[in-house]
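S.K.: below are the sequence and a predicted model; questions follow.
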Amino acid sequence: MFGGFENLFGGFGGGHPMMRPRSRPMGPKTFKLYEVLGVDKDVTGGQLTKAFRKRSIKGEYRHPDKGGDPSKFSELKTAYEKLRRKDSRAEYDKYGDACLAEDFVGTPKRKLRQAKTKTFPLPVTLEQLYNGDTRKIAVTRRVLLNSRTGEVCPGDGQDLWSTCETCGGQGRVLRRLQPQPGYVIQTQVACPTCEGAGSSVADGWRMGEKKEVLEIFIEEGMKNNNKIRFREKGNMAPGFLPGDIVVVLKTKKHSVFQRKNVDLLMRKTLSLHEALCGFEFKYATHLFV
């Protein structure tokens, strides 16, 4: 039995406040989240992930498994989660640190259901789980596209569709037929206005498919079947919030080792003499460093 996984796999105004009106905090704009990650405001998504990984390894914001302060690492993770999503990053770029306050009121959104989550399995090696790694996968998603430029709409697209007034968003209407006097047939048919969609897209926009590359950050010590969620990076649909994409880690079979909780196990055939008298042997584990 081989140890070595223990540290990584062991875990990772006046008046009553209720009566005060909620309002947008006022004051000069500051952008501390970018400072926490050590990046500029024009940073790309890939650069943001690399910055998060770098700071989680060393420095004052490093992971607790690396000897860091849990509260500092929590600040780093919160900053990354806020900035990696297009809609929340756009809101942050607009209002700055003010939008982090508990009483912040941003742009009102309609309460919508979320589109279906898409799941992708990702084969990984035992070494990648131990050391951490960055992988990329290509996904094709249904999104709202600018008819002229082909660019994906920013945010969740809620402002680019409207509910069909004919069917009230149901996509179907009742049709009454009277084949003969005194006999009425009532059936449901696709709405003639929206053609069954239940909504319509704003001028200059259309539904289409877009291929995108997602960067998967595998943290040190992750396990088989661990899930990495990309919120609202899945399919868009009129009347729904964008769905999530979930990447599920699937450990490949190792040629020598098996993992059991925090331990590495290895099978070895012994001779009778070795079993009775004892022996020692060496096996290079340079990949697990």
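M.R.: Perfect, I can see it now.
S.K.: now do the strands in the chain.
M.R.: Per DSSP state E, the chain carries strands over the ranges 113-114, 118-124, 133-146, 161-163, 172-180, 183-190, 199-201, 205-218, 227-230, 240-241, 245-251, 257-260, 263-266.
S.K.: to L37, which of those strands lies closest?
M.R.: L37 lies closest, by C-beta to C-beta, to one member of the strands of the chain: strand 205-218, at 13.2 Å. Using the backbone N, CA and C atoms, a C-beta is placed for each residue, glycine as well.
S.K.: re earlier: give me whichever of the strands of the chain is most buried.
M.R.: strand 240-241 (a mean of 20; mean count of other C-beta atoms under 10 Å).
S.K.: and it, how far from the chain's centre?
M.R.: Per C-alpha atoms, centre = their mean, to the nearest Å, the displacement of strand 240-241 from the mean C-alpha position of its chain is 15 Å.
S.K.: need the strands of the chain in CSV (columns: distance to K29 and mean pLDDT).
M.R.: Putting the strands of the chain into CSV (distance: least, C-beta to C-beta, whole Å; pLDDT from 0 to 100) gives the following:
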stretch, distance to K29, mean pLDDT
strand 113-114, 31, 82
strand 118-124, 36, 94
strand 133-146, 28, 91
strand 161-163, 31, 79
strand 172-180, 48, 80
strand 183-190, 49, 82
strand 199-201, 33, 81
strand 205-218, 29, 90
strand 227-230, 28, 91
strand 240-241, 27, 82
strand 245-251, 32, 95
strand 257-260, 48, 85
strand 263-266, 50, 83
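S.K.: now the helices for the stretch 1-150 of the chain?
M.R.: Assigned by DSSP state H, counting those that start in this stretch, the helices in the stretch 1-150 of the chain fall at 6-9, 32-37, 45-57, 70-84, 86-95, 126-131.
S.K.: identify the residues contacting stretch 222-232?
M.R.: Residues outside stretch 222-232 that contact it (C-beta atoms under 8 Å, 6 or more residues apart in numbering): 9, 85, 87, 114, 129, 132, 156, 214, 216-218, 241-251, 259.
S.K.: ok, back up a step: just name the most buried of the helices of the stretch 1-150 of the chain.
M.R.: Each of those was scored by mean neighbour count; the highest is helix 126-131, a mean of 20, by mean count of other C-beta under 10 Å.
S.K.: check which helices and strands that helix sits against.
M.R.: For helix 126-131, the packing partners by 3 or more C-beta pairs under 8 Å, 6 or more residues apart in numbering; DSSP states H and E come out as strand 245-251, strand 257-260.
S.K.: any chance of these in JSON lines, plus distance to F230?
M.R.: Formatted as JSON lines, the helices and strands packed on helix 126-131 follow (distance: least, C-beta to C-beta, whole Å):
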{"stretch": "strand 245-251", "distance to F230": "4"}
{"stretch": "strand 257-260", "distance to F230": "26"}
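S.K.: rank the helices of the stretch 1-150 of the chain by pLDDT, which is bottom?
M.R.: Lowest mean pLDDT of the helices of the stretch 1-150 of the chain: helix 6-9, a mean of 47.
S.K.: give me the phi and psi for T166.
M.R.: Per-residue torsions, T166: phi -70, psi -50 (degrees, to the nearest 10).
S.K.: pretty sure it contacts P192?
M.R.: Yes. The criterion here is C-beta atoms under 8 Å, and T166 meets it with P192 at 7.3 Å.
S.K.: who touches both of the two?
M.R.: V173.
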